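Q: Turn this into a model:
(chains A and B)
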Amino acid sequence: MAMTGQKSGRMSQLSATLADLQTSRLAGVLHVVGVRMVQLLGGLLVWDLLVRGFQVDPRIVPSPLDVLESLWNLTISGILFDAIRITMLQTVIGFVIGAGLGIVLAVTLSEVKILKLILQPYIVALQAVPKVAVAPLFLIWFGFGMESKIALVVSILFFPVLVNTMAGLDATTEEQLELMRAYRATRWQTLVRLKAYVALPFVFAAFEVSLVLALTASVVAELLGSGTLVGLGTLIKIFDARMNSAGIFAVLIVLSVLGVALHALVIAASHRFLAWSRPL
Amino acid sequence: MSAPSPASAQGQAAKASPIHVSAVTKVFKTRTGDEVLALADTTFKIASGEFVSIVGPSGCGKSTVMRIIAGLMEASKGAVLLGSKVVTTPSPEIGIAFQKAVLLPWLPVARNIALPAELEGRMAKAEIDARVDRLLEMVRLKGAGGRYPGELSGGMQQRVSIARALMTEPSVLLMDEPFGALDALTREHMHDELLAIWAANRPTVVFITHDIAEAVYLSDRVLVMASRPGRVIADVPIDLPRPRTPDIRGEARFAKLGAEIRALIPH
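A: Just a heads-up that it's a prediction; the model follows:
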């Protein structure tokens, strides 16, 4: 009984500390936001001063005001959102297909060792090919629509996910496998109750790298062979043809924000699903 | 602890299989191709419902014997009989507590304990929950069922793994130095809890330890093993009365048995 009393005392103390932590966390967030705003404005100011001071040709480096204006025009005309939609669609669909195929093949190869032995050399060879170099082929195979862009995203994502997932599935310890054997786990049970969880941190590590890479691939695919749809990469090409550097800079800023957002999404997901793997 | 009805206790006693380790030899190949004789022509019997400890210096093959009994490892020569069946793969009759806790860090404590039953898939959810609650209480982790292994101390993790070994009410219990990581007080508590479980269900127990006092306190018999090659060199009956209570640790007979076994262990 005495122990329970002590425990509940400690609990209320703990919740008080948590409340403190939440207020201080809010203050911390505001602090960080403030610092970031100062950094942003300071950066823009330095940029502006340099461009004006050295009288840089706006076709080489535009002033921040020109870029903001371009960004504004792109936004109100609706062109920007259409472009974001198309590029993100390519990125996300490519990510889902590429990651899905990578995971499925990784599980198949790690469960059927003979298949792994047969396919390993092909995988190594294909992995070594720079995927961007295959992009022209994707254009021939899949045409000028979204499909060829998605294909490039898939090809770039597929291997890191495959390789990492395979490493993750093999990362079980001898003791864990023995435990499953001792309790007569079936192969399927060992896969879904042990190996899948052991592999999860590896899979998320691959996602963390490859989701931002997928965005790059999506843009590169448009740069290499744009077509019927105007994504962010195509937009860059259009501005490039007109020597509109401010427009290109505006798109670059948008891409940077998208990349950061995608990365934050993976981090948030990994915090959600890998809470157990981090010591308290 | 809820006392089981005498009828169910008898039912369990009738089921518990004896173990017959018959001329078992185990040879390991090292990476350099050398052969190491881990176990040489080892034979012993453990009666149904008997509590037997195996003591010996490290490297004497006591863990190897346990793993062969468990069906986790094949004997190079000889065989193990569980009841009348030759052991080839892990049997559902057996519960195992390993030296290390080996908990799954993504499952809360309660689900770790329930794992053997969930894998077997025969127990109803409500039955599993009730049993997990009782086991948590027994290993003094009541209220910790929702916590994750990473939040527990080494001793607590080990207690979870012992509860897991008892989950399916095995008729044969194999324990490989299960209390080695526990502090002295918890360990003595676990001794009495283990003896209470044993008295209630009368499983056949093989208990591996290098703690002689622990072996004497728990067992009906203590097998002493020697190394290079691993083999059983003595079989010491422990004639202390049961049920055993902590005060027998102070008795002369207890000390004498301990000294006798110690003298048998080669250095």
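Q: State whether B:K26 is indeed within a strand.
A: Yes. Under DSSP: H, G, I helix; E, B strand; the rest coil, B:K26 falls within a strand.
Q: How many residues are close by A:R193?
A: A:R193 has 18 neighbours, counted by other Cβ atoms under 10 Å in any protein chain shown. For every residue, glycine as well, the C-beta is placed using N, CA and C.
Q: for the record, mean pLDDT for the host helix or strand of B:T64?
A: Element membership for B:T64 (DSSP states H and E) is helix B:62-70. If you average the pLDDT over helix B:62-70, you get 91.
Q: Just want the phi and psi numbers for A:D57.
A: phi -60, psi 120 (degrees, to the nearest 10).
Q: Neighbours of it, how many?
A: 11.
Q: what pLDDT does it get?
A: pLDDT, A:D57: 85.
Q: same check, this time on B:V232
A: 91.
Q: Okay, and the beta partners of it?
A: Counting by DSSP bridges, B:V232 forms beta bridges with B:M225.
Q: Pull the number of nearby residues for it.
A: 22.
Q: List the buried residues in the helix holding B:T64.
A: Using 16 or more other Cβ atoms under 10 Å in any protein chain shown as the test for burial, helix B:62-70 gives B:K62, B:S63, B:T64, B:V65, B:M66, B:R67, B:I68, B:I69, B:A70.
Q: Which residue would you name as the spatial centre of chain B?
A: Nearest to the mean C-alpha position of chain B, counting by Cα atoms, centre = their mean, stands B:M175 at 2.0 Å.
Q: How is that one assigned, secondary-structure-wise?
A: Classification of B:M175 by three-state DSSP places it in strand.
Q: ok so, going back, and the buried residues of helix B:62-70 as TSV, adding distance to chain A?
A: As requested, those are exported to TSV (distance: Cβ to the nearest Cβ, whole Å):
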residue	distance to chain A
B:K62	17
B:S63	12
B:T64	13
B:V65	15
B:M66	11
B:R67	8
B:I68	13
B:I69	11
B:A70	6
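Q: just these now: which is nearest B:T204?
A: B:I69 (10.1 Å; Cβ to Cβ).
Q: Do you know the pLDDT at B:G11?
A: So, for B:G11, pLDDT stands at 42.
Q: same check, this time on the one 3 residues further on
A: For B:A14, the model assigns a pLDDT of 51.
Q: Next, count neighbours for A:V134.
A: 16.
Q: which residues touch it?
A: Residues in contact with A:V134 (Cβ atoms under 8 Å, 6 or more residues apart in numbering or on different chains) are A:L152, A:S155.
Q: which residues of the chain fall in helices?
A: Went with chain A since none was named. Remark: helices assigned in chain A by DSSP state H are A:2-53, A:64-77, A:79-111, A:113-128, A:135-142, A:146-169, A:174-182, A:187-190, A:196-224, A:232-241, A:245-273.
Q: my bad, the chain I had in mind was chain B
A: B:6-15, B:62-70, B:109-120, B:125-138, B:154-165, B:184-201, B:212-218, B:252-264.
Q: Spell out which parts of the stretch 151-267 of chain B neighbour chain A.
A: B:E151 (Cβ under 8 Å from any Cβ of the partner chain).
Q: Residue of the stretch 151-267 of chain B closest to chain A, please.
A: The minimum distance from the stretch 151-267 of chain B to chain A, using Cβ to the nearest Cβ, falls at B:E151 (5.6 Å).
Q: Pull the number of nearby residues for the closest residue to A:I86 other than its chain neighbours.
A: Closest residue in space to A:I86, ignoring its immediate chain neighbours: A:G231 at 3.9 Å, by Cβ to Cβ, 6 or more residues apart in numbering or on different chains. Applying other Cβ under 10 Å, we find 28 residues neighbouring A:G231.
Q: Let me know the pLDDT of A:G231.
A: 89.
Q: Also the one 4 residues further on?
A: Note for A:L235: predicted pLDDT of 91.
Q: Ok, the one 4 residues further on next?
A: At A:F239 the predicted local distance difference test score is 90.
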